[in-house]
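Participant: pasting the sequence and the predicted model now:
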Amino acid sequence: MTEMDPAVGAPVAEPALAEHHAASRRNPDAQQVLSVENLRMYFPVKTSGIIRRTVGHVQAVDGVSFQVPAGGSLGLVGESGCGKSTTGRLITRLLRPTGGRIDFDGRDIAQLSQRELLPLRREIQMIFQDPATSLNPRHTVGAIVGAPLQIHKVLPKDKIIPRVQELLEIVGLNPEHYNRYPHEFSGGQRQRIGIARALTLQPKLLVADEPVSALDVSIQAQVINLLQDVQNEFGIGFLFIAHDLAVVRHFCPEVAVMYLGKIVEIADRETLYLRPHHPYTQALLSAVPDVKQAAIGGRRERIRLEGDVPSPILPPSGCRFRTRCAIAQEICAKVEPPLLQIAPRHKVACHFAGELGHAPKEPVTMKVCGVDAHGAPVPGEVPDVQLNEPGFSDRWMDLKTGQLTGA
Ligand SMILES: Nc1ncnc2c1ncn2[C@@H]1O[C@H](COP(=O)(O)OP(=O)(O)OP(=O)(O)O)[C@@H](O)[C@H]1O
């Protein structure tokens, strides 16, 4: 019989993950450890030669807003090149953003200098995709995991190795192996070393950038289970970046979908996986294997996206997804759809937001954008509703009635 995942409300697609660990749930009382508002990163494009003139910008991240609860997790998914890693690097401040706010633990860290960031480096850590390249091959595991303790002078020298051994044990490695080198471990074990290193300074927030993409499917489940244990044990907030919706499903009670530098849909897991309202999310989901569909003899029909992701140097006008969208109309080229809240924990940026096969005939955004069905401006009152802001409001737009409603 197909196993049901109660938190997802649908059969699980990753049985190995559900074996010992229930899907993570949202704690409605949690404060936000991270609140990101209108985050932007434009990389300059320069001419070659001696005088390197800026001739354009790669709009890698363009007005992204979301929140991560303390001790909870948000998934960030999208195709390659949509700006997920850049978002992660901005939050960990490996990059300085072009604009926007990054409120970490109640303080905006977006423009802090390297010096000002030093104490914060302890609290925000990153796990990278490829453990083979993110660990220095010439350093022992003890040196790698213990380095942050030394740099931040957290412990006296003689206490470092015992602490490293403790960390190795937490991540399921033999504590006696602290003298070994990364190449002596398997891929999954190396990712465990990366996790131990990220845990060394007891961070409040971990940005996990495709932490299991380079691993075997069976090992992926083990590493995700370990991350879940670590989260429960230490109350760490996670921004979990992945290109695959199946990977974040178990770990993240809420998921944001990115396309070409923008969030196009963000929702709680049940809504996003069962009733996605953005054509891009619907297309991504159609590629996720679904146990129930397979069991009843069919699979969700695969939606093929036409063409390639456009260049982030010259993104399409209006809605960035419109060049690949099957339901795009005139308004989509003229007016950028705002990220509009349509349910207690559901936002979508689409003029024709609706369940698959039930897109509305008229744009749902006319009132909030102050335009007619063709995207031409209409003078009148624009409703006072949150657009593109982090988190969720207790007022949203009911798509059935077109009216503002609330909890
Ligand atoms: N340092 C940089 N200079 C210029 N452009 C960059 C730089 N870093 C990233 N980009 C561009 O920004 C866009 C977003 O890249 P990013 O790596 O954030 O995407 P991604 O969704 O994480 O993709 P992937 O999964 O392949 O890493 C891409 O078009 C990329 O080429």
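Facilitator: Perfect, thanks for sending it. Numbering: from 1, shown residues only.
Participant: quick one, what contacts Ile342?
Facilitator: The neighbours of Ile342, taking Cβ atoms under 8 Å, 6 or more residues apart in numbering as the test, are His277, Val348, Ala353, Val364, Trp396, Met397, Asp398, Leu399. (Each C-beta comes from the backbone N, C-alpha and C, glycine too.)
Participant: which residue, other than its chain neighbours, is closest to the third one?
Facilitator: Pointing back at Ala353 there. Of all residues beyond its chain neighbours, the one nearest Ala353 is His277 (4.3 Å), with distances taken as Cβ to Cβ, 6 or more residues apart in numbering.
Participant: distance of the one you found relative to Ser134?
Facilitator: Between His277 and Ser134 the computed distance is 36 Å (Cβ to Cβ, to the nearest Å).
Participant: and what of Glu381?
Facilitator: Applying Cβ to Cβ to Glu381 and Ser134 gives a distance of 53 Å.
Participant: of the contacts of Ile342, buried ones?
Facilitator: His277, Val348, Ala353, Val364, Trp396, Met397, Leu399 (16 or more other Cβ atoms under 10 Å).
Participant: same drill for Glu381 and Ser134, tell me which one is more crowded.
Facilitator: Remark: of Glu381 and Ser134, Ser134 carries more neighbours, 18 against 7, as counted by other Cβ atoms under 10 Å.
Participant: what pLDDT is listed against that one?
Facilitator: If you check Ser134, the pLDDT there is 79.
Participant: my read is that it contacts Phe128, right?
Facilitator: Yes - using Cβ atoms under 8 Å, Ser134 is in contact with Phe128, at 4.1 Å.
Participant: relative to Val257, how far out is Thr271?
Facilitator: 12 Å.
Participant: between these two, which one's more packed in?
Facilitator: Val257 (26 against 21).
Participant: test my guess that the more buried one contacts Ala283.
Facilitator: No - using Cβ under 8 Å, Val257 is not in contact with Ala283, being 10.2 Å away.
Participant: what about this protein, any weak spots by pLDDT?
Facilitator: 1-20, 289-300 (pLDDT under 70).
Participant: so in it, which helix runs the longest?
Facilitator: helix 217-234 (DSSP state H).
Participant: identify all contacting residues around it.
Facilitator: Taking Cβ under 8 Å, 6+ apart as the rule, helix 217-234 contacts 14, 16-17, 19-21, 24, 71, 73, 170-172, 186-188, 191-192, 195, 199, 202, 208, 211-212, 215, 236, 238, 240, 247, 250-251.
Participant: just so I have it, where are all the helices in the chain?
Facilitator: With helices called from DSSP H, the chain shows them at 15-18, 84-91, 114-121, 131-134, 141-151, 157-170, 187-199, 217-234, 245-251, 269-274, 279-285, 291-295, 330-334, 366-369.
Participant: what's the angle from the fifth one to helix 187-199?
Facilitator: With axes from the mean of the first three to the mean of the last three Cα atoms, to 10 degrees defining the directions, helix 141-151 sits at 10 degrees from helix 187-199.
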